[in-house]
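1. A predicted structure for the sequence below; I have some questions about it.
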Protein chains: 2
Amino acid sequence: MRKVAVLGIGQIKISEHWDISLRELATKAISAALEDAGMKRVDGLFIGNMLSGSLNHQENLGALITEWAGLHPAESAKIETACSSGGSAFRAGLIAVASGEMDTVLVVGVEKMSDAKMVETTSALATAADADYETAHGLSFVALNALIMRRYMHEFGWSHSDFAPFSVTAHQNAVPNPFARLPTMISEEEYSHARMVAEPINILDASPIGDGAAAVILVPAEEGSSRSSTPQVNVIASAAGTDRIAIHDRRDPLKLKAAEISVSKAFSQAGVGSQDIDLFELHDAFSIMSALSLEACGFADRGQGPRLGLDQEITLDGRIPISTFGGLKARGHPVGATGIYQIVELTKQLRGEAGANQIEPARIGMAQNIGGSGATVVTHILKK
Amino acid sequence: MRKVAVLGIGQIKISEHWDISLRELATKAISAALEDAGMKRVDGLFIGNMLSGSLNHQENLGALITEWAGLHPAESAKIETACSSGGSAFRAGLIAVASGEMDTVLVVGVEKMSDAKMVETTSALATAADADYETAHGLSFVALNALIMRRYMHEFGWSHSDFAPFSVTAHQNAVPNPFARLPTMISEEEYSHARMVAEPINILDASPIGDGAAAVILVPAEEGSSRSSTPQVNVIASAAGTDRIAIHDRRDPLKLKAAEISVSKAFSQAGVGSQDIDLFELHDAFSIMSALSLEACGFADRGQGPRLGLDQEITLDGRIPISTFGGLKARGHPVGATGIYQIVELTKQLRGEAGANQIEPARIGMAQNIGGSGATVVTHILKK
């Protein structure tokens, strides 16, 4: 297979965009990515989206967005793996270019969540879990994560405040990011006294939803350099794995087995280990997920994820910077778009275009997108 | 890229399966396909499904179905392009094997439609059209097709009864098919006097929805023959295209431009023309779609699709047999699953396992899956 490069990136600010429709959100990010790449046509579009059927009464997003972006008759499809839809769409686009089936691919992640009532959104998000054996009992998606966090705290002896650095750091990194949903500092004090959502998860443990879109252009690596003056960013690993969807069906609910599988494949493809990763855009939908991801990817021992935060190792100048533009927690989590925001941010870091958020050195970066409470996990490694 | 073969096929009867859940529908078809291929593991699963979020409150189908089929940690994703989701999932799986990224892929199309109220289903199906500029005006999906059919009759001078052969032939072919939703003969008389749905489309112009699942196993062609004693069926072309999603935005609403694009690419890949196709599993969601597909694929001149039916050229022993196991009209149309039923039926024909439905000769067959009223079209050509 051919090696593949990220040639263009585009994103829009995550917000409540009352005046911008689903198709327009996508089109804005696409235009930015096409302009960044200096391109006007692509062979195919892959759309990362989870909720358009439930919340926007719109499927067939592939054809719709291809038309509105002025790119038809390019072929197109929507890829859905719950909150990892963006990562899965990126992987599908990558395979299409790597295979030689397509020479230029655009991957856009988009989600429009503001138009629905809160209860509709909560209900739609719960479709990431097992409808018959989890949500049928009244469990929301945050409640499922609360069960995991509570068990984790009990098992490993952490208190709630030990998770503060995940949220505090994310918010700190979001401040200079013009695309972030919540570009505001928070203190440990505010974190500890925030309004409870589902004990022990409070509002500052949880990532905010929003309307957003991000896009990337993929081309064969050998063509990338000739087309662009920015440093070329290549994809050096792509891997996905699944675990049982319901938490109660997992042998060890405190281990992200699908993350372990996908990251171990990715490390092997790239010929690197966790010590070689300069930054990690992880899936901090809830602070507990940061801890579990860091452990599954070999950055911390089992049960020791919070230690990295307490030891200041996840900040921009730490041993393993995470959520460098705010992560899901503060950049925001428009679910199906999130995986593409991660790739866009990783690319900015590797290009050296991250401004106040720039980490040094930024040679190899990893992004990990999680669908459901660990059921689908997609990992990508990019290199300058 | 590597050539790819269809090694195993499986399907279940399309019906109102009140006692079988979405995940179980998929698992039954998967088990049948694995058994047919003599396999127990696959590297990846691609799920063709359109409506699980809206009608079953279940997304993350990839992880869910992978688990219930006992296939995790295989990676997985759901692919959605409205009613062509099955065809698009097949194409994604094909690229994954052709590229060398995966050695064994399972593609399953599944849809569970009986559990929802009629109005919910009608509303969910309309998400295939343009939510803001078509359905917002109260147009259902059948109403959109009725507008096309009415204009077509006006433009080319056909009467409603001229479309009868499409439905009569489909029902005739469904009779010996144990997996068909409506395995019953209908007469031209019954066709002409059937209950009106949206003039001029009556209930016998429209395909029935239902609960169904079909699955196929894809492997590299060079491995296929050694693994199975049945005649090997290879995929010799795969192509997709898009058109504007809203009918009123198309320059010519009586032409399936995306079908023309995808079939012309497919013919070029396979090095064949319409005269080489022995059978054609087309997307007869409505009888007007049969006419338009036959025209777009070069089997009839513009406006002359109904002539093929009236001249008996679409029957099992005609010049271009279509819907050889009943098509969408009588085998049934569980939307996201339909594209895989088409591939399963094509494979049975090419293997010579079609029994009473066998056409002779069956060397090269084509399947075409349409998403929306022609917005996304996916074409595959298979060869013995």
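-> Thanks, I have it. Numbering: from 1, shown residues only, chains lettered A, B, ... in the order given.
2. what ranges do the helices span in chain A?
-> All helices of chain A, identified by DSSP state H, fall at A:22-37, A:52-56, A:61-68, A:85-99, A:118-125, A:141-156, A:164-174, A:188-192, A:221-227, A:257-270, A:287-296, A:305-310, A:327-330, A:335-351.
3. any low-confidence regions in chain A?
-> Within chain A, the set of residues satisfying pLDDT under 70 comprises A:225-228.
4. OK, now which residue of it is nearest to chain B?
-> A:Ser99 (3.1 Å; C-beta to the nearest C-beta). In short, each C-beta sits where N, CA and C put it, glycine included.
5. Can you report how many residues neighbour the residue lying closest to A:Glu59 once chain neighbours are set aside?
-> Distance criterion C-beta to C-beta, 6 or more residues apart in numbering or on different chains; nearest residue to A:Glu59, sequence neighbours excluded, is B:Thr127 at 4.1 Å. Residues contacting B:Thr127 under the criterion other C-beta atoms under 10 Å in any protein chain shown number 26.
6. One more: A:Thr122?
-> By other C-beta under 10 Å, 14 other residues sit near A:Thr122.
7. can you pull the contacts of it?
-> Taking C-beta atoms under 8 Å, 6 or more residues apart in numbering or on different chains, we find A:Thr122 in contact with A:140-141.
8. try A:Ile186
-> A:Ile186 is in contact with A:167-168, A:171, A:204, counting by C-beta under 8 Å, 6+ apart.
9. Distance to chain B and neighbour count added to those residues, as a markdown table?
-> Listed next are the contacts of A:Ile186 as a markdown table, based on distance: C-beta to the nearest C-beta, whole Å; neighbours: other C-beta atoms under 10 Å in any protein chain shown:
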| residue | distance to chain B | neighbour count |
| --- | --- | --- |
| A:Ser167 | 25 | 29 |
| A:Val168 | 30 | 21 |
| A:His171 | 28 | 25 |
| A:Leu204 | 26 | 25 |
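10. which one of those is nearest A:Val378?
-> Set against A:Val378, the nearest of the contacts of A:Ile186 by C-beta to C-beta is A:Ser167 (23.7 Å).
11. Return the residues in contact with that closest one.
-> A:186, A:191, A:204-205, A:287, A:329-330.
12. and if you look at A:Thr338?
-> A:83, A:86, A:109, A:283, A:328, A:369.
13. Now the residue nearest in space to the middle of chain A: closest residue in space that isn't a chain neighbour?
-> The residue lying closest to the centre of chain A (C-alpha atoms, centre = their mean) is A:Gly339, at 3.3 Å. The shortest distance from A:Gly339 to any non-neighbouring residue, by C-beta to C-beta, 6+ apart, is to A:Gly86 (2.5 Å).
14. correct me, but the one you found touches A:His333?
-> No - look at A:Gly86 against A:His333 with C-beta atoms under 8 Å: they stay out of range, at 10.5 Å.
15. Who has more neighbours out of these two?
-> Set A:Gly86 next to A:His333 and count neighbours by other C-beta under 10 Å: A:Gly86 wins out with 36 against 27.
16. about what we covered before: any idea how far A:Glu24 is from the residue nearest to A:Gly339?
-> 18 Å (C-beta to C-beta, to the nearest Å).
17. Equivalent analysis for A:Pro183, please.
-> Using C-beta to C-beta, we find A:Pro183 at a distance of 23 Å from A:Glu24.
18. So which of the two has more stuff around it?
-> Counting neighbours by other C-beta under 10 Å for A:Pro183 and for A:Glu24 shows that A:Pro183 has the greater number, 20 against 17.
19. mind checking the backbone torsions on the more buried one?
-> Dihedral pair for A:Pro183: phi -80, psi 60, per degrees, to the nearest 10.
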